[in-house]
Structures are given as structure tokens and as C-alpha cells.
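# structure, please.
(2 chains)
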Amino acid sequence: MFSTITSGTICGIRSCMVQVEVDISQGLPCFQIVGLPGSEVREARERVKVALKNAGISLPPSCVNVNLSPADIHKSGTMFDLPVAVGIMAALSRLAPGAAENTLLIGELGLSGEIKPVKGVLPIVREAAAHGVKRCILPAENAWEGMLVESTESIGVSSLQETIEVLNGAGRQGKACAGQGSEDAVPPRFGAGEAVEESGSREDFADMRGQESLKRAAKVAAAGFHNLLVVGTPGSGKTMLARRIPAILPPLSPEETLEVASVYSIRGMLKPKWRTTDHRLMIDRPFMSPHHTVTGQALVGGGRIPAPGIVSLAHRGVLFLDELPEFKRETLDILRQPLEDRRVQIARSRATYEYPADFMLVGAMNPCPCGYYPDMGRCRCTPGEIRRYLRRVSGPILDRMDICVEAKPLPFCDIARHETGEDSARMRAQVLEARRRQTERFAGTKIRFNADMKAADVDKYCPLGGKERRFMEKMFASLQLSARGYHRVVKVARTIADLEGSERVGETHLAEAVCYRNMEVFQ
Amino acid sequence: MTERETGKAYMHWLFQGSGMGSRGLVRALLQTGTPEEIYRLALSGHLAEKLTGRYREKAVALEASAPVFDVEKEYGKLRERGISFVSLGEEEYPKKLAAIPDAPCALYYVGRLPEHGRKTLALIGARNCSAYGRAVAGEFAAALAESDVQIVSGMARGVDGIGQQAALDAGGYSLGVLGCGVDICYPPENRRLYEQLIAQGGICSEYPPGIEPRSLLFPPRNRIISGLCDGVLVVEAKERSGTLITVDMALEQGREVYAVPGRVTDPLSRGCNRLIRQGAALVESPEELLRELGVEAGEGVSAERTKRAGILPGGRQGRVGKLLDYRPQTTEELRQRYADAYGDALTISELCLELLKLCADGYARQTGGLYVRQ
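Okay, here's the model as predicted:
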């Protein structure tokens, strides 16, 4: 009277396979779950008992023991309801022998026996496929997520009764699936590189009149995935600029889509509308814009049972922090590790959880509390106030801002002008071209964008000619650049050269990059 | 200790013991005798009875301080720290200052006090000055210092500090008058200036060492700034500002007031323009001011100016340079103005290159992402 069912759980961004072992033996009637279950897993007992009863299966008065193996990993989530219920049925010989072999089951049970959606389906199914599991039985609403994984068959079920039918081979496979899934001619895939129609709701850079310098800075930042800081008076278009950046970033590559989708899946944020008609998953570059009252934990993730935070949801996309100095200093300083390591580690006594966090940081701030410094004609702030305001953003954060631009509101004549500047489509085409050059340059290395280069890589990939070297020497002397500033400038200059289609980093490229150097000049 | 030093030591006790805001008390006491006699009286407990009214209470506190204050040791400590002390009536007390109605009874100072007989000018202005104020203050101070004019100011942020720094950098003399003890550098970011002043000029204050800066201490020190000088030059002031308090005091003391005009749209020029309307002398260049002061322009003053005016190179760099202004401008504005003025569009990279060259040549300056003339 023993059965084993395969299931899975999430730890950090990874998932791991869990064997649900059920034993029913003679003895005083009891039902216990062991194997480090979280409270929601422990509650599965009550749900399973009632759901089985309502599905017409009565538990005999016997001793039911459930073990979740490996027993040293903490298990949370409601996905174990279904495997436990199926395990009990198997142990009661209610299923055909071997019916649940090589099958992964996850799902939450309602008291009536219905099956409800759960979080983290995509990473679990991927893990199952990697372990050679042939078939995954998933809640009907999540089934499409599983179908994104090619090498395994995903079946959506909406009730316990249906699960039994599927397992016993009653032929009604995948009835409730959204879409036709694996039986289709076109296997589901992740978004490929070519241009696919995206949701048309994105704001366009064509809306920004004038402000060519700002748009240029955004283009450079997008092309090299550089962090961007926009400093400017109120109403100068800082937020407008930031919101338009995802639209000019290159589309997510298949691997990137998978990474982003996994994080979204764990947070239960993956939306079926992101599937294209030909069964690809197309996700727009994430754009996260937390309010400045956000807590550190919400930002990087955490909690007693860790969950990915905003920085992970912004993975491969843009993290926009508006009114940068209004964020608590401690909150901003938490960003230092993700900015450096491109991932977040959360340590708990039982395990260390890891989430990806490779995002482009876009910050916006006023130059002083009133917003008009250094226009002393309008600025009402005292020097002390300005210093205190700027000091709220710590040096290490400013240090990681590769590009810093100043925004000023447009004069009326420009607002009234009807000509529209470059639109997002044209800008994106240039970014894609620059991106292509980078892909070629960094082929066979881990570097994806110019911004990822370390100091040694800068010397290797961006050698400067004699004239350029002399120019930089002069800049060093007159502008008091630091060594760190030097590498940052060269990295940005490399991106500018890529945008211009130049093989070599020239003097003008360096000059523009020097002009984008960080806020040190303010302080 | 010489007799003079002893006198100073007792005077120091009188100052330290009577606390702040007691100029009246000190003056009243000094009418009864020398500082030493006052000290003896205080020790014997008969000081308070010599006074009447509101001074009596303060004198009681002074009496209490006398037995615990080792006059010679305390004065020795002061000297060890390099702080000098001079009281009204002594030979080295600045003559011009001595002549004002409420001259401080004594001054603490480090470095040197201004020399008598040399022209002395107070250079004052807004703390949060604009790039224009910064440039003008620097230019005037340097030219004045080169022409052997002593510059006195409050070592404050903005015009004061910039002017004093420029005067010292030009090899001239400058005195900082503080609103706190001379051993305290306020504002702290002027540390470099503070140290250079001690080495090359002087720092003085009417407050004993160790007194922390407090807002109510600053207006009275302004009378010392104007009192030490032949005239007051105002560079940028808002309509209601501390700078204008100094000007009022200067007028009371019969000092000449000079003002550098500004744009009418600029709030920082309101104060100056109003002064001019009220009769202050308008000065447009250091040479003009030197003529007014009756000082011969030092060597290199006008040469320096012509060099500055002619510094702009030709070509595109020069054309960009002409667009620069004391008002900070973004690259976007400059690009637009370049296109409007010359009918020729520059790419952002090209513009950045020219701007950086101008910065490197010292003609322009970058503040944040904005560019100003220097």
C-alpha cells in the first residue's frame, strides 16, 4: 500500500524535483505529512481529504503517512495537493498500475475536487524535462506555461476526476488545455530575435519634441545596456524618457525570455496573453518603477520564505527609480550587490536562495530640492540644502551610473514646433545594429553588452590610438577624472562608436562619453 | 611676561568671563579702571557694587569666574595656539576700525591684521552666487590683489570665499572676519581657504576662541568687515540679504560703496542694482574700481584682461565658445543656438568635443551636465 509520485518545488530561481511518497497502513486512523513542509503544505491534509471525498473516493480508516523527499529542503506552496491526492489513490489501488509513472503532478485542490492554478509552473516543468520526465499534469490554467517546454508533454486538468481519467488513459488528454499544445504542428517556443509585433501600447520617442540630447543619451544607454541618470528640472521629461527606453532595447533573446518568464512564473505573473498566435512566448523587456517608499525587502526580494523582488522582476529590463534622492539611503545601498554581481543572494538559515537581477538602472532626480540649480536666478535653495539633497544618493550608486545627462524643459517655441524627432522604431534599429556589433565582438565570452566589460576587458576590446590617448590624458588633467571614471568613459565611448558604425574608438566618441560622466562634478 | 602682555592677559579674562553680547558691560567696566584693576576688584568681590542696572547681574557672573580663571596660564594657552589678542587703544589695533562708533573692544586673530596705510576693500556678495558672480568675484579679487589692495571678507560660501581665494592665489593679502572663534573653520568646506588665510593673510574675530558659529553672531561681525576697509564692493546680492546689512553698516561708517551691476531679470542682481539706484558707484571692471580707489593698477592687470578677451581660438571651437554664457546651458540648448546662429548643425559628439576643449583651455566650466563661461 505504498506509492511514489513525482512533483516539484521552487527554491530561489531554481526548482527541484520532489518525490511524494504515500503509505497507507493498518493502525489508528491518522494523516500526517513529513519532509519539512511549510504550513500551506501541511494544510494540504484537510484539502485532500475533503476533495477526495467529494470526488467520490472515501479514505478508509487507516494510517496515512506522506513523505516529501528530499526531506531536508523546505517546501512551500500549494502545488503538493494534487500529488498527495493522486498518491493516496495510487496507494489505494484506485489507479491502473504504473499509471503515474514518469509523470509529474502539481496543482492545488479545491474542496470540490477542482484543480486551481499554482505559481512557478514553468521552472518546475523545465526541471522535470531535464530529468527526463515524459508527462506533466498541470492545472488547466497553467498548462500553457508547461507547453512552452518542448521536450515534455504537458496536460492541463481541471478536476480530480479528470486527472484520474488522464492517468488511467481514458483518452481525454489535454481537453482543458488553453491552446492545443504539444499535438500542434508548430512546437511552442520562446520569442526569437526577429521583429514580432508587440503590444502597440508602448509610448514612442516621437512624442518627445526637441530634447535630442536626451534621446541620444537614452539611445547610447540602450545600445550598451549602460546605467543612466537623468538630472533635471521638474517637467523636463525625465520620466517620459525613462518610460520609453524598453521600447528601444533589443527584444529579449530566447534564453533571456526563458529567464524572465521563470521569474514571472514564480511570482505568478506570467500572462497567457503574451503567447503569440504561433505559440511563442513574447515578453516585452520588463520595466519596473517602484515608488520611492519601497522597502529594501520588496526591492531585492526576501521574506521568511524568499520570493524574487522588484530587481529580479526587472531582470533583463529596466529598473527605473524616479526621484532617486527620495529613496531611503539604506534601500538604495542594497542595490549595490545586484548592480555588481547581476544577481541577488538571500541567505536563510536553511538555504541560500539566488535570483537573477541583471537590469539597466535608470535614475531620475532633481538637481536640488526646488529643482532649478545651478540656475541661480530661479533656484531658491541654500548651498547646504543642495549638498544635503545630493548626498542622499551614495557615492557607490552614483559610481555605477555610466551616463549622466541634464534635462531642461523645452522653451515654448520648441513645444509648439510640429516636427517630430526620431521615433522609437528608428532608434531601435540603430540600437540593434550596435548590439549586433557587440555580439560579434564578444562572441565566445560571457560579455553581452559593452557595459558588462571589466577593466581588463576594456583594455582588450577598446584599444585607444595615440591621438585618442593624448586626448584622454588632457581630459584627465583638466577634468580630474578618476581611474574608475576612465574605464567608464571608454566603455561608453565604445558604445557610441558602435552606434556610429565605427570600428575604432575615436576622439569625438570619447568626448561625448566624457560629457556623460557621472555626478562627481556636482559634489 | 611684559607689562603689555599682562594687560592683554587680563583683557582676555574680561572677554572670556563676561560672555557674549556684553560689549556694553566691558565698556562700562573699562571706565572704572584697567583690566587688571577690574580683576582685583572681582577677586575681592567688590566689582558688582560699582555697577548699576542690567550690568550688575553680569558683573556678578564675572566675579564668580575670577577665582577659577588663571589669567597668565589661560593667556599662555592662547599664545601657544598661535592666536594673538589685541584690544582697542593698543598700537596694532586697526586704526580704521578703531574709528567706528561701536568698535569691538578687542580682536582675536591668527596670521596678520591688515596693514595701515594700504588700501583695503571689502568684497562681499551672495552665498549662493551664480556662475557670473563666481567669475566676477574671482576676476576683481585677483586684479585688486595684484594692485596691492587688501581684501577683507567673511570667508563665507559663495562670493566672499571665492574672492578671498582668488586674492590669495594672486599672491595678495586677505583677511577673513569670522562670526565664531578664530579656531573654528566655518563653513567647513572652506578649510583650504582657512588654512591659506592663516599662512598668507589673516583670520580675525571679536569672539573668544571656541565660540561656535550661531546665526545671531554674524550680523555684528559685518560691521567689522566694513569697518576695516576704505570701501565695500558688492558682487551679486538678493533684494533682502546679509550682504545689504554690511552695506548699511558701511554707509553708517562713511565707507564708499561700489556695486557690480547685473541683468535685470536676475534676482541675484536686484540688490546690486538697487544699491546703484541709491547712489552706489557702478563699477564694470577692476581698472575702473582701482581708479576710483586711487590705486595704480598692478602689472599684468590689464594684460590679464586682454588675454582673457582674446583667448577664444578660431574655427568651430571659437564659434561654440561665443555661445557660452554665465547662464548655465545644456548641450541641447547650445546645439540649437549653434544651428540658429551659424545655420550649421553639429552632432552631439562634435559639440561635446568642442566644449571639452574649451573646458580644458579654462574658458568654460562644466557644472553637472551644464556648461558656463568661466
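# now the helix or strand containing A:Cys404, how far from the centre of its chain.
Counting by DSSP states H and E, the element that carries A:Cys404 is strand A:403-407. Centroid separation for strand A:403-407 versus its chain: 26 Å, with CA atoms, centre = their mean, to the nearest Å.
# also stretch A:216-234?
20 Å.
# tell me the domain boundaries of the chain?
All of this is about chain A. Domain segmentation of chain A under automatic domain parsing yields A:2-187, A:205-447, A:453-523.
# I was after chain B.
Chain B breaks down into these domains under automatic domain parsing: B:3-80, B:120-306, B:311-373.
# mind putting the ones you listed into a markdown table with mean neighbour count?
To be clear about C-beta, it is placed using only N, CA and C from the backbone, and glycine gets the same treatment. Below are the domains of chain B laid out as a markdown table (neighbours: other CB atoms under 10 Å in any protein chain shown):
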| stretch | mean neighbour count |
| --- | --- |
| domain B:3-80 | 17 |
| domain B:120-306 | 21 |
| domain B:311-373 | 19 |
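# nearest to A:Pro369, out of these?
domain B:120-306 (12.7 Å; CB to CB).
# can you tell if the closest one touches chain A?
Yes. Applying CB under 8 Å from any CB of the partner chain, one finds domain B:120-306 touching chain A at B:126-131, B:133, B:157-158, B:265-268.
# which among these gets closest to chain A?
B:Ser130 (3.6 Å; CB to the nearest CB).
# name the residues of the stretch 251-400 of chain A found near chain B, please.
Taking CB under 8 Å from any CB as the measure of proximity, the stretch 251-400 of chain A contacts chain B at A:367, A:374-379, A:381-383.
# one step back: in CSV: the domains of chain B, plus mean pLDDT.
As requested, these are exported to CSV (pLDDT from 0 to 100):
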stretch, mean pLDDT
domain B:3-80, 82
domain B:120-306, 91
domain B:311-373, 85
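# got a markdown table for those, with distance to A:Met269 too?
Below are the domains of chain B laid out as a markdown table (distance: least, CB to CB, whole Å):
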| stretch | distance to A:Met269 |
| --- | --- |
| domain B:3-80 | 65 |
| domain B:120-306 | 48 |
| domain B:311-373 | 36 |
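# who wins for proximity to A:Ala513 among those?
Comparing the domains of chain B by CB to CB, domain B:311-373 comes nearest, at 8.3 Å.
# hmm, back to that, adding mean pLDDT, write the domains of chain A out as CSV.
Shown next, in CSV, are those (pLDDT from 0 to 100):
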stretch, mean pLDDT
domain A:2-187, 87
domain A:205-447, 87
domain A:453-523, 85
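# for beta bridges, what are the partners of B:Leu107?
B:Leu107 has these beta-bridge partners by DSSP bridges: B:Val86.
# my error: substitute B:Gln150 in the last question.
Residues in a beta bridge with B:Gln150, per DSSP bridges, are B:Thr120.
# now it: how far from B:Ala259?
Separation of B:Gln150 from B:Ala259 (CB to CB, to the nearest Å) stands at 20 Å.
# distance across stretch A:276-286, terminal residue to terminal residue?
Counting by CA to CA, to the nearest Å, you get 17 Å between the two ends of stretch A:276-286.
# in that stretch, what's buried?
A:279-286 (16 or more other CB atoms under 10 Å in any protein chain shown).
# any idea how far the host helix or strand of B:Tyr371 is from the chain center?
Using DSSP H and E, B:Tyr371 sits within strand B:370-373. The chain centroid and the centroid of strand B:370-373 are separated by 26 Å, computed with CA atoms, centre = their mean.
# just the CA trace of that strand, in CSV.
Output of strand B:370-373 as CSV, limited to C-alpha atoms (Å, rounded to 0.1, in the frame of the first residue of the first chain):
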residue,chain,number,x,y,z
LEU,B,370,25.5,72.2,-18.0
TYR,B,371,28.2,74.5,-19.4
VAL,B,372,29.1,78.0,-18.3
ARG,B,373,31.6,80.6,-19.3
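# wondering if that strand reaches chain A at all.
Yes. Using CB under 8 Å from any CB, strand B:370-373 reaches chain A at B:370, B:372.
# which other helices and strands contact that strand?
helix B:131-146, strand B:364-367 (3 or more CB pairs under 8 Å, 6 or more residues apart in numbering or on different chains; DSSP states H and E).
# what's the closest non-adjacent residue to A:Glu354?
Nearest residue to A:Glu354, sequence neighbours excluded (CB to CB, 6 or more residues apart in numbering or on different chains): A:Gly12, at 4.7 Å.
# tell me which of the helices and strands packed on strand B:370-373 sits nearest to B:Lys95.
helix B:131-146 (20.6 Å).
# residue of chain B closest to chain A, please.
Closest point on chain B to chain A, by CB to the nearest CB, is B:Gly369, at 2.8 Å.
# and that residue, how far from A:Pro356?
32 Å.
# go on, A:Leu82?
In terms of CB to CB, A:Leu82 sits 29 Å off from A:Pro356.
# which stretch among the domains of chain A comes nearest B:Pro208?
Judging the domains of chain A by CB to CB, what sits closest to B:Pro208 is domain A:205-447, at 25.9 Å.
# chain center to that closest one, what's the gap?
13 Å.
# mind listing what the closest residue to chain B within the stretch 251-400 of chain A touches?
Closest residue of the stretch 251-400 of chain A to chain B, CB to the nearest CB: A:Met376 (3.6 Å). By CB atoms under 8 Å, 6 or more residues apart in numbering or on different chains, A:Met376 lies in contact with B:126, B:128-131, B:133, B:266, B:268.
# let's see 7 Å
B:128-130, B:268 (CB atoms under 7 Å, 6 or more residues apart in numbering or on different chains).
# please, which helix or strand holds it?
Here A:Met376 is assigned to no helix or strand, by DSSP H and E.
# gap between B:Ala141 and B:Ile124?
Counting by CB to CB - B:Ala141 and B:Ile124 are separated by 11 Å.
# hey, where'd the helices end up in the stretch 101-250 of chain B?
Using DSSP state H, counting those that start in this stretch, the helices found in the stretch 101-250 of chain B span residues B:131-146, B:159-169, B:191-200, B:218-227, B:242-252.
# can you count the residues close to the residue nearest to A:Glu385 when sequence neighbours are not counted?
Distances taken as CB to CB, 6+ apart put A:Pro369 closest to A:Glu385, at 5.6 Å, once the chain neighbours are dropped. By the criterion of other CB atoms under 10 Å in any protein chain shown, A:Pro369 has 16 neighbours.
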